[in-house]
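[1] Compute the structure for the input listed below.
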Amino acid sequence: MPIKIENYIKEFVQDHQNREGIRTRWEEPLVTYASAGDPLFNKLKEVVSPTHALPQDLLPDAKTVITYFLPFARQIPLSNKKGRMSSSEWAIAYIETNKLITQLNDYIHKKLGEIKYQSVILPPTHNFDTQLLISDWSHKHVGFISGLGKFGLHQMLITEKGCCGRLGSIITNLEIEPTKRAENEYCLYKHNGTCQKCVEKCAQGALSVIGFDRHKCYELLLDNADIYANEGLADVCGKCVSIVPCSFTNPVK
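    Next up, the predicted model:
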């Protein structure tokens, strides 16, 4: 069944980007799995928020959390390399990928239903407290638990295909063997204290080696949202991941 789910996701993304009007291009997705009973889910109430949901809060008989990463094609991060504000390509990729994730989750939900398994569809974003800027379901933390990657200094999840892309997840009562988490770090700074390119690239000065000011970051995201309001909701930036050693790969490996 894991191979089937991976194929469903990969084929859906490939078909989606060939639809008329889609301007974004994606590389082949990565797909991983976590046990819904993994004790790290309880840790999210400490490291993210006391209100962060457990898989069982959303699906009482949850067995597995499917997590996937949709990497942007290289030209999208390359377009976002310079300047203070997000490139139009980056903003459009964010908007279109959020729509893709919604449709993809609907599709996987339907496929699981065909074989008599339940699943819960989770929104790609904007499920956070607008005052605290804390989510009740963090795809990047769930991605870490499922073995999709490791956190970088920039607070983003670095996968084997880098950190330029979007994450999605689905909870199901289909039991799938969990993906093993890597032991080594993926971030050069965490690995040996080098790099820090993401800190240098933060256009808002919200990121440092000692912390991250999410509210200061969010101010710039809202400025970008105003610029690209005609395209949709693009409260993004992406400067800290475009272009750095972990943009397209695990640089430690």
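[2] Just list the residues touching the residue nearest to D38 when sequence neighbours are not counted, thanks.
    Distances taken as Cβ to Cβ, 6 or more residues apart in numbering put I145 closest to D38, at 5.6 Å, once the chain neighbours are dropped. Backbone N, C-alpha and C define where each C-beta goes, glycine included. Counting by Cβ atoms under 8 Å, 6 or more residues apart in numbering, I145 makes contact with A34, D38, L40, F41, V65, R181.
[3] Of these, which count as buried by neighbour count?
    Neighbour counting with 16 or more other Cβ atoms under 10 Å marks A34, D38, F41, V65, R181 as buried within the contacts of I145.
[4] Need the per-residue pLDDT for the third one.
    Pointing back at F41 there. Note for F41: predicted pLDDT of 97.
[5] go on, S135?
    Confidence at S135, expressed as pLDDT, is 80.
[6] just the one 5 residues further on next, same as before
    Looking at K140, its pLDDT is 96.
[7] Tell me which helix or strand it sits in.
    helix 139-145 (DSSP states H and E).
[8] In the stretch 51-200 of the chain, mark out all the helices, start to finish.
    Per DSSP state H, counting those that start in this stretch, the stretch 51-200 of the chain carries helices over the ranges 55-58, 75-79, 88-114, 139-145, 188-192, 197-201.
[9] what about stretch 160-173, how long is it end to end?
    End-to-end distance for stretch 160-173, by Cα to Cα, to the nearest Å: 27 Å.
[10] Burial check on T194, number of neighbours?
    By the criterion of other Cβ atoms under 10 Å, T194 has 12 neighbours.
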